[in-house]
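>>> Make a model of this:
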Amino acid sequence: MKFQIQHTTHYQYDGEVADSVNEIRLSPRTNGSQSCYQHSITTYPHAPLFVYEDYFGNRVHAFSISEPHTELTITARSVVVTSDAMTPRTSILPFEQEQAIMKSDAFQDQFAEYLAPTDYTQNTTDVQQIAHRFLSGSVESVSQLLAEVTTAIKKEYIYDPAATQVQTKIDEMIKIRRGVCQDFAHLMLALCRCLGIPARYVSGYQYISDLSGGNADFEQASHAWIEAYIPDVGWTGFDPTNDVPVGWRYIILAYGRDYKDIVPVKGVYHGTPRQNLKVDVDVKKLADIV
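Model (predicted):
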């Protein structure tokens, strides 16, 4: 499927600011499941962009604005084609063989950064207790285990944008049993790593405009899910927020260990700390590419 995406981030400051230095991770990746055909980023005030690739292979645009300004607008526009033939990938080995591979020194060295806890994905007592639940029954494969974790998070936690903030850690979210896609992704990452399964955070978009029922008030937003590594299969997507197959509706921006690695827009500046942030996301499906 072919998509046109516009992602606008607008900061309005309560007074003049200056010496603004920023990083942007809003460039769709090109990989086995999608291709980015067009991409541009513009800023107001205008600033030249420096482009580089970070440790995780994400394209990063950096810029600075030294002169005083009272607002900053960053607009990313992209055209991306995703595969409409994507199907969930499942284990091809029995669980015992998968476990032996995951416990090997070579495997743990290869995926060390995706097995270690982070600030957002700590291996707490609550996480260990939840993870133990999934091993208490019969386990046939890693893919089955991952599917059960995905379904459980969707079933047992309520999507509530007012319940958490961007800094919320998983123990707090577990207690209130509410959160957003970022929280659910962090919980699943922590559970995967506790179970010895490498997992990474994915930022991007999920196209759901055609599922809104023509609701004029429907508001699009960025999305987060995870990819877990299944031995002898590879990286496979799971969405604990929606518990649906990660297929053509999903557009990948960036990978990381957690949200901190792939913040879409971050920066520092001199001036008033008071600001108003507004983010607008528009994802449209276009005619299939010829």
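>>> which SS state does A116 fall under?
Per DSSP: H, G, I helix; E, B strand; the rest coil, the local secondary structure of A116 is coil.
>>> State the distance from the residue nearest to it when sequence neighbours are not counted to M173.
Leaving aside its chain neighbours, A116 sits nearest to R193 (7.1 Å; criterion: C-beta to C-beta, 6 or more residues apart in numbering). From N, CA and C alone the C-beta is placed, and that goes for glycine too. Distance from R193 to M173, counting by C-beta to C-beta, to the nearest Å: 16 Å.
>>> Looking at those two, which one has more neighbours?
Using other C-beta atoms under 10 Å, the more surrounded residue of R193 and M173 is R193, with 24 against 21.
>>> The strand or helix carrying the more buried one - contacts with which helices or strands?
Using DSSP states H and E, R193 maps to helix 181-194. Where contact means 3 or more C-beta pairs under 8 Å, 6 or more residues apart in numbering; DSSP states H and E, helix 181-194 is packed against helix 125-135, helix 142-156, helix 170-176, strand 199-206, strand 223-230.
>>> Please name the residues that touch the residue nearest to A116.
By C-beta atoms under 8 Å, 6 or more residues apart in numbering, the contact set of R193 is Y114, L115, A116, P117, T121, N123, A199.
>>> Include pLDDT when you put those into JSON lines, please.
Output for the contacts of R193, formatted as JSON lines (pLDDT from 0 to 100):
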{"residue": "Y114", "pLDDT": "98"}
{"residue": "L115", "pLDDT": "98"}
{"residue": "A116", "pLDDT": "97"}
{"residue": "P117", "pLDDT": "96"}
{"residue": "T121", "pLDDT": "96"}
{"residue": "N123", "pLDDT": "96"}
{"residue": "A199", "pLDDT": "98"}
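>>> now, which of those residues sits nearest V279?
T121 (24.1 Å; C-beta to C-beta).
>>> Can you give me the neighbour number for the closest one?
The number of residues packed around T121, counting by other C-beta under 10 Å, is 26.
>>> same thing with T151?
By other C-beta under 10 Å, the residues close to T151 number 13.
>>> how about the nearest residue to D258, chain neighbours excluded?
Excluding the flanking residues, the one nearest D258 by C-beta to C-beta, 6+ apart is Y120, at 4.0 Å.
>>> How confident was the prediction at the one you found?
Confidence at Y120, expressed as pLDDT, is 96.
>>> Tell me which helix or strand it sits in.
Y120 belongs to no helix or strand when assigned by DSSP H and E.
>>> which residues sit in contact with it?
K169, I170, H186, L189, D258, Y259, K260.
>>> Select from these the one having the most neighbours.
Sorting those by how many neighbours each has (other C-beta under 10 Å) puts L189 first, at 29 neighbours.
>>> Would you confirm that that residue contacts P198?
No - if you go by C-beta atoms under 8 Å, L189 and P198 don't touch, sitting 9.8 Å apart.
>>> so what's the residue nearest to the spatial centre of the chain scoring on pLDDT?
In the chain, the residue lying closest to the centroid (C-alpha atoms, centre = their mean) is S203, at 2.4 Å. Looking at S203, its pLDDT reads 97.
>>> Who does it form a beta bridge with?
A224, A254 (DSSP bridges).
>>> Which parts of this protein belong to which domain?
2-83+263-286, 95-246 (automatic domain parsing).
>>> and the ones you listed, which is most packed in?
Most buried of these, by mean neighbour count (mean count of other C-beta atoms under 10 Å): domain 95-246, with a mean of 17.
>>> where exactly do the strands run in the stretch 1-150 of the chain?
2-24, 34-44, 50-53, 59-65, 69-82 (DSSP state E, counting those that start in this stretch).
>>> Kindly reformat the ones you listed as JSON lines containing distance to G267.
JSON lines is the format used below for those (distance: least, C-beta to C-beta, whole Å):
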{"stretch": "strand 2-24", "distance to G267": "3"}
{"stretch": "strand 34-44", "distance to G267": "11"}
{"stretch": "strand 50-53", "distance to G267": "13"}
{"stretch": "strand 59-65", "distance to G267": "9"}
{"stretch": "strand 69-82", "distance to G267": "9"}
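>>> In JSON lines: the ones you listed, plus distance to F134 and mean pLDDT.
Output for the strands of the stretch 1-150 of the chain, formatted as JSON lines (distance: least, C-beta to C-beta, whole Å; pLDDT from 0 to 100):
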{"stretch": "strand 2-24", "distance to F134": "34", "mean pLDDT": "96"}
{"stretch": "strand 34-44", "distance to F134": "30", "mean pLDDT": "96"}
{"stretch": "strand 50-53", "distance to F134": "36", "mean pLDDT": "97"}
{"stretch": "strand 59-65", "distance to F134": "36", "mean pLDDT": "97"}
{"stretch": "strand 69-82", "distance to F134": "30", "mean pLDDT": "97"}
